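1. Provided below are the primary sequence and the corresponding predicted coordinates.
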Amino acid sequence: MADNVPALAVTGATGALGGAVARMLAEAGVRQRLLARRTARLPDLPDTPVFAASYLDRPQAVSALRGVHTLFMVSAAESPHRVEDHCTFVDAAVDAGVQHIVYTSFMGAAPDAVFTLARDHAATEEYIASRQGLEHTFLRDCLYQDALPTFVQPDGVIRGPAGEGRFAPVARRDVARTAVKILLSPEQHRNRAYTLTGPVELTMEEVAGILARVTGTPVSYQAETYDEAMASWMKSGAARWQAEAWASSYLAIAAGQLAPASPDIERLTGIAPLGFEDYLQQTRN
């Protein structure tokens, strides 16, 4: 076992990113505890304690986090009150004596970001950084390569107001292995922010072409205006904040806020991140 690693807790292990981090830590022989609202859905890892914890329940989270030095905090599910939930959980971490939070943020997080949810991440970053005595590392991820196939609508078309803008999507597994590298030596990454992207900047039209080539299924991109995108999503039954988030993610690409590609993953891990086509090929094999 890796006994020299400070006590770790991992949230979000019922999901793809947190689960990958938890499994990689277990493979490295690192002791950790897993936190989730629904502990029955957590991965079954040997000698790994699990704790019920919700971002909304401060006393419960304090109990789950006592004795933890470093917390891997996966951002909560998207909602209108996500920042409030994050702040409640950060307060619980401080109350419990957590000394370092590694938080999954978003590329270009800023109060005036085009992508509305990147503003939420900026507010969470600001709150974490404001807590006296709490160290932090922010992982500012680009859009996930894993999610891009879901952008294709049933008629084989990706629609949105991305224009000819470029972005550098990243594979979740590359984010996970970078997070593990940081969690194994958190003191080397105190109060730092890293931008985690894939190696190549793509237009949405190029994304469609790669999907078509790898899957053998026709896929195309159709540029929309913001108003067209909003109308489409509202018609599908999305709440206004959800429609704004989706449409503004495309606008952020058009504005160049999800580029350029960053060298941080390779610099931190020594291994270059996967390109989108390589990712798709690997997941098909």
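-> Looks like it came in fine.

2. which residues of this structure fall in helices?
-> Per DSSP state H, the chain carries helices over the ranges 16-27, 58-65, 82-96, 116-130, 172-184, 204-215, 226-235, 240-254, 264-269, 276-284.

3. which residues sit in contact with Gly133?
-> Going by Cβ atoms under 8 Å, 6 or more residues apart in numbering, Gly133 touches 94, 99. Placement of C-beta: from N, CA and C, glycine included.

4. how close does it get to Gln282?
-> Separation of Gly133 from Gln282 (Cβ to Cβ, to the nearest Å): 42 Å.

5. which regions of the stretch 1-150 of the chain lie under the pLDDT threshold?
-> Where the stretch 1-150 of the chain drops to pLDDT under 70, the residues are 1-6.

6. Pull the number of nearby residues for Arg33.
-> By other Cβ atoms under 10 Å, the residues close to Arg33 number 19.

7. Run through the bridge partners of it.
-> Ala9 (DSSP bridges).

8. Settle this for me: it is touching Asp47, isn't it.
-> No: contact between Arg33 and Asp47 fails when scored by Cβ atoms under 8 Å: they sit 10.7 Å apart.

9. For the residue nearest the centre of the chain, give me its contacts.
-> Centroid-nearest residue in the chain: Thr104, 5.0 Å away (criterion: Cα atoms, centre = their mean). Contacts for Thr104 (Cβ under 8 Å, 6+ apart) come out as 12, 17, 73-75, 139, 141, 175, 179.

10. partners of it in the sheet?
-> Leu139.

11. Next one: Ala26 from Leu17, what distance?
-> Counting by Cβ to Cβ, the separation of Ala26 from Leu17 is 15 Å.

12. Tabulate the contacts of Thr104 (CSV), appending distance to Phe167 and neighbour count.
-> Output for the contacts of Thr104, formatted as CSV (distance: Cβ to Cβ, whole Å; neighbours: other Cβ atoms under 10 Å):
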residue, distance to Phe167, neighbour count
Gly12, 23, 22
Leu17, 19, 23
Met73, 24, 26
Val74, 21, 23
Ser75, 19, 22
Leu139, 17, 28
Asp141, 12, 25
Val175, 15, 25
Ala179, 21, 27
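
13. Check which residues of stretch 73-90 are buried.
-> 73-76, 82-83, 85-90 (16 or more other Cβ atoms under 10 Å).

14. hang on, the earlier thing: possible to save the contacts of Thr104 as JSON lines with distance to Ala129?
-> Shown next, in JSON lines, are those (distance: Cβ to Cβ, whole Å):
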{"residue": "Gly12", "distance to Ala129": "21"}
{"residue": "Leu17", "distance to Ala129": "22"}
{"residue": "Met73", "distance to Ala129": "13"}
{"residue": "Val74", "distance to Ala129": "18"}
{"residue": "Ser75", "distance to Ala129": "15"}
{"residue": "Leu139", "distance to Ala129": "14"}
{"residue": "Asp141", "distance to Ala129": "18"}
{"residue": "Val175", "distance to Ala129": "21"}
{"residue": "Ala179", "distance to Ala129": "19"}
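
15. contact partners of stretch 43-63?
-> Contacts for stretch 43-63 (Cβ under 8 Å, 6+ apart): 9, 11, 13, 19, 22-23, 26, 31-37, 39, 42, 64-65, 76, 85-86, 88-89, 91-93, 95-96.

16. Derive a ChimeraX selection command for the buried subset of those.
-> Only the buried entries of those go into this ChimeraX selection, using 16+ other Cβ under 10 Å:
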select :9,11,13,19,22,26,32,33,34,35,36,42,64,65,76,85,86,88,89,92,93,96
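
17. circling back: could you export the buried residues of stretch 73-90 to CSV, including columns for distance to Glu266?
-> Output for the buried residues of stretch 73-90, formatted as CSV (distance: Cβ to Cβ, whole Å):
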residue, distance to Glu266
Met73, 24
Val74, 23
Ser75, 24
Ala76, 29
Arg82, 30
Val83, 32
Asp85, 33
His86, 29
Cys87, 33
Thr88, 36
Phe89, 31
Val90, 30
